[in-house]
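Asks: Sequence and predicted structure, then a few things I'm wondering about:
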Amino acid sequence: MKGYVDLHCHLLWGLDDGARALEDSLEMARVLVDLGYAAAAPSPHAWPDLPPRAAALQRLEEVRGALLAAAIPLELAPNAENRLLDEAFHAQAGTPKSRVVGSGPYALVEAPYHAPVPALTEIIFRLKLKGMTPLLAHPERCLEFEKKGRAAEAVRAGAALQLDLGSLIGEHGSMAKKLARSFLEEGLYAVAASDLHSPEGAREALGEAMAELRSRVGEEAFLFLVRDAPSRILRGETLES
């Protein structure tokens with residue numbers, strides 16, 4: 001795939017705290033395309049009180065059709081943002097009901113923002129046994145990864161880490177910014193994603209964040225994080241050597 005690939009965004013309208021209406025979805029897609037993206041895997045929150053997998057897949061098809069009608073060249077793939085400590089997520093892991101990136105084996109999973117996860121490596125191990133690789137969403141924004149060496153430990157255990165691009169420019173506070181830059185220097189991130197929730201201010205903020213990433217890691221690593229690795233994940237390929 002020639003363009004960039006976004007594996008974490010809330011572009012499907014009316015499913016969670018992301019896009020509120022179809023026009024929001026279309027405008028967010030326009031922003032991504034204008035910034036060089038060719039594909040995205042919108043990731044609605046997979047929470048018990050939010051629309052289920054079937055509704056998300058139906059909305060995905062609806063937005064695909066709308067993008068085609070509006071001549072917006074952004075390919076969409078199935079995805080969801082799962083909760084690391086959600087019992088339903090673990091019960092369905094490795095089954096056809098699991099909500100994975102594309103067709104798997106990666107699943108986008110977020111740790112709690114403000115609670116520790118002492119069993120993190122054990123959870124990763126259990127998911128790997130079920131044939132699933134957790135792609136940990138924005139670890140720099142989660143309390144557990146403020147512990148020195150914890151992010152590297154998660155990677156050694158078999159997880160992949162997803163950088164929230166906005167963290168690099170302080171959109172999520174000083175601690176997230178500090179950790180994001182540290183994890184980036186350590187080479188811990190597998191992919192970088194937008195985590196877009198709204199079209200408002202998206203073009204300017206995401207553009208700035210992408211420029212910051214490029215300036216910090218260079219063109220080759222930039223392309224790996226926003227194009228090559230996400231493309232491989234969407235194709236169902238592993239990033240592990």
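Replies: Yep, it's here.

Asks: give me the low-pLDDT residue ranges for the chain?
Replies: Across the chain, the ranges flagged by pLDDT under 70 are 1, 241.

Asks: At which residues are the helices of it located?
Replies: For the chain, the helices defined by DSSP state H cover 22-34, 53-69, 87-92, 120-129, 150-156, 174-185, 202-217, 219-223, 229-234.

Asks: Any idea which of these gets closest to Ala77?
Replies: Nearest to Ala77, of all the helices of the chain, is helix 229-234, at 5.6 Å by CB to CB. For every residue, glycine as well, the C-beta is placed using N, CA and C.

Asks: now that closest one, how far from the chain's geometric center?
Replies: 11 Å (CA atoms, centre = their mean, to the nearest Å).

Asks: do stretch 99-111 as well
Replies: Its chain's C-alpha centre and that of stretch 99-111 lie 9 Å apart, by CA atoms, centre = their mean.

Asks: Just the C-alpha atoms of that stretch, please, in CSV.
Replies: Output of stretch 99-111 as CSV, limited to C-alpha atoms (Å, rounded to 0.1, in the frame of the first residue of the first chain):
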residue,chain,number,x,y,z
ARG,A,99,-13.0,-7.9,17.5
VAL,A,100,-9.6,-7.7,15.8
VAL,A,101,-7.7,-5.4,13.4
GLY,A,102,-8.8,-6.5,9.9
SER,A,103,-8.9,-10.3,10.1
GLY,A,104,-6.4,-10.6,13.0
PRO,A,105,-4.2,-11.8,14.7
TYR,A,106,-3.7,-8.3,16.2
ALA,A,107,-6.3,-6.8,18.5
LEU,A,108,-6.3,-3.2,19.5
VAL,A,109,-6.5,-3.1,23.3
GLU,A,110,-6.4,-0.2,25.8
ALA,A,111,-5.2,-0.5,29.4
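
Asks: Which residues belonging to it are considered buried?
Replies: Arg99, Val100, Val101, Gly102, Gly104, Pro105, Tyr106, Ala107, Leu108, Val109, Glu110, Ala111 (16 or more other CB atoms under 10 Å).

Asks: Quick check: nearest residue in space to the first one, chain neighbours excluded?
Replies: Read that as Arg99. Ala80 (3.6 Å; CB to CB, 6 or more residues apart in numbering).

Asks: my guess is that neighbour contacts Tyr106, does it?
Replies: No: between Ala80 and Tyr106 there is no contact under CB atoms under 8 Å: 11.6 Å.

Asks: who touches both of those two?
Replies: Val100 (CB atoms under 8 Å, 6 or more residues apart in numbering).

Asks: Could you measure from the residue nearest to Gly131 when sequence neighbours are not counted over to Leu234?
Replies: Nearest residue to Gly131 in three dimensions, chain neighbours excluded: Gly94, at 5.1 Å (CB to CB, 6+ apart). Per CB to CB, to the nearest Å, Gly94 is found 19 Å from Leu234.

Asks: Relative to Gly170, how far out is Ala154?
Replies: 24 Å.
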